[in-house]
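Colleague: Quick one: sequence plus predicted model below, questions after.
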Amino acid sequence: MNKKNLLFAVGIMALLYSAVNFSNPLQQPLNKGLNKIKLTYQDILSTIRFNLDIYFFQADEIKRLKSEVKYLKKVKVELINYKENLKDLKDLCQYDYKNIDKKTLQTVKVISYQRFGDTYRLWIDVKDYNSSKVYGLIYHDMVAGIVVNKNSMPLALLNKDIKSSYAVFVGKDNAPAIVHGNNDRFLIATYIPMWYNIKTGDEVVTSGLDNVFFRGLRVGRVVSVSSSQGYKSAKIVPYFDRDDVDYFYMIKR
C-alpha cells in the first residue's frame, strides 16, 4: 500500500514537471504568479533599504546638506557683491573723460573705512603706491577727494574731510582759492582775494596749480559768500556727494 502511494506521488510529480516544462497553458499562470512574488520581494527589499537610509544614515545626509546650503549662501552673497562691483566699475569706465589721457588715470578699489562711522576716510587698493606723493581722486569729471599716505598705505580723504584740500578757481573770473572739507555737507573755499567778484551760483573747478588735479574738474557751486581778514571765503555744495562708490580713478601724475 505504501509502495502504491509512493509510486502515485512520484507519478503526479512527474506529470506536474512535464506539464510545467512542456505545456504552455500551465506555464503562463504559474510564471505570472512567480513574477508577482519576485516583484513583491524586491519592493520589500527597497522599502527596507530606504528606511535604513532614513534612520541610520540621515544624520550624515543632514550634515552634508547643511554644509552645502551654507556654501551656497556664501556664494550667493559673493555673487551679489561682484555684481554691484561690476556695475560700479562699468559705470566709471564708460564715462567719456574729455581732454584727459586715460593713461594718467588708475582705477582704485575701496577696501573699507579707516574708522567705523567716519565715511569720509577710506582705505583703497593702489598698485605700485608711492607714499611720497599726494594724488587726486575723481569720479567721472567730479573731484571726489585726495589720496594721502597713512602708515605707508594709501588713504582716501573724500571732499568733506577737513584735511582734504586742493587748489581751485571760483566763478567766471577764475578767482584762485583753496578748498577744504568741513566735516558736513558743505566745502569751504578760502583765501579768495577781495577784488574778485564772486557770487551765489558760481561754479568751482580745479585750477591744476597744485599738481594734484587737472584744470577744469568740477568741484561744486557757491551757495554763500563772506569776508574776513582781508579775504573772501565761499561755502560750496559739492557735486560729488555719494557714499556708495566702490571704485574711483586716481590721477597718477
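Modeller: Here it is on my side, so go on.
Colleague: For the rest of this, base every contact and every neighbour count on C-alpha atoms.
Modeller: Will do.
Colleague: H180 - that's part of a helix, no?
Modeller: No: counting by DSSP: H, G, I helix; E, B strand; the rest coil, H180 is not found in a helix; it is strand.
Colleague: That one touches K160, doesn't it?
Modeller: Yes: assessed by CA atoms under 8 Å, H180 is found in contact with K160 at 7.3 Å.
Colleague: shared neighbours of those two, anything?
Modeller: Common neighbours of H180 and K160, counting by CA atoms under 8 Å, 6 or more residues apart in numbering, are L187.
Colleague: got the residue ranges for the helices in the chain?
Modeller: For the chain, the helices defined by DSSP state H cover 2-22, 24-93.
Colleague: Comparing those helices, which yields the minimum mean pLDDT?
Modeller: With a mean of 58, helix 2-22 has the lowest mean pLDDT of the helices of the chain.
Colleague: Nearest spatial neighbour of G230, chain-adjacent residues omitted?
Modeller: Once flanking residues are discounted, G230 sits nearest to M194: 6.5 Å by CA to CA, 6 or more residues apart in numbering.
Colleague: okay, now that neighbour: neighbour count?
Modeller: Other residues near M194 come to 15 when the count uses other CA atoms under 10 Å.
Colleague: Now for it: which residues touch it?
Modeller: By CA under 8 Å, 6+ apart, M194 lies in contact with S227, G230, Y231, K232.
Colleague: Tell me which of those residues has the lowest pLDDT.
Modeller: Lowest pLDDT within the contacts of M194 is found at G230 (88).
Colleague: So it versus W195, what's the distance?
Modeller: G230 sits 10 Å away from W195, taking CA to CA, to the nearest Å as the criterion.
Colleague: just Q229 next, same as before
Modeller: The gap separating Q229 from W195 is 13 Å, by CA to CA.
Colleague: In the stretch 101-250 of the chain, where is pLDDT below threshold?
Modeller: Counting by pLDDT under 70, the stretch 101-250 of the chain contains low-confidence ranges at 101-103.
Colleague: out of Q229 and W195, which sits in the busier spot?
Modeller: More crowded of Q229 and W195, by other CA under 10 Å: W195, with 10 against 7.
Colleague: Just give the closest residue to D210, not the sequence neighbours.
Modeller: Spatially, and ignoring its direct neighbours in sequence, D210 is nearest to A167 (5.8 Å; CA to CA, 6+ apart).
Colleague: Count the residues that sit near that neighbour.
Modeller: Under the neighbour criterion other CA under 10 Å, A167 is assigned a count of 21.
Colleague: Ok, the one 5 residues further on next?
Modeller: With neighbours defined by other CA under 10 Å, the count for K172 comes to 11.
Colleague: That one reaches V204, doesn't it?
Modeller: No: judged on CA under 8 Å, K172 makes no contact with V204 at a distance of 9.2 Å.
Colleague: What are the buried residues along the longest strand anywhere in the chain?
Modeller: Criterion DSSP state E: the longest strand present in the chain is strand 218-228. Going by neighbour count (16 or more other CA atoms under 10 Å), the buried part of strand 218-228 is R218, V219, G220, R221, V222, S224.
Colleague: repeat for stretch 206-214
Modeller: T206, S207, G208, V212, F213, F214.
Colleague: Do I have it right that the residue nearest to D210 meets L209?
Modeller: Yes: applying CA under 8 Å as the test, A167 and L209 come out as touching, 6.4 Å apart.
Colleague: Nearest residue to A189 in space, please, no chain neighbours.
Modeller: Residue nearest to A189 in three dimensions, not counting chain neighbours: V179, with 4.1 Å by CA to CA, 6+ apart.
Colleague: Done for today, thanks.
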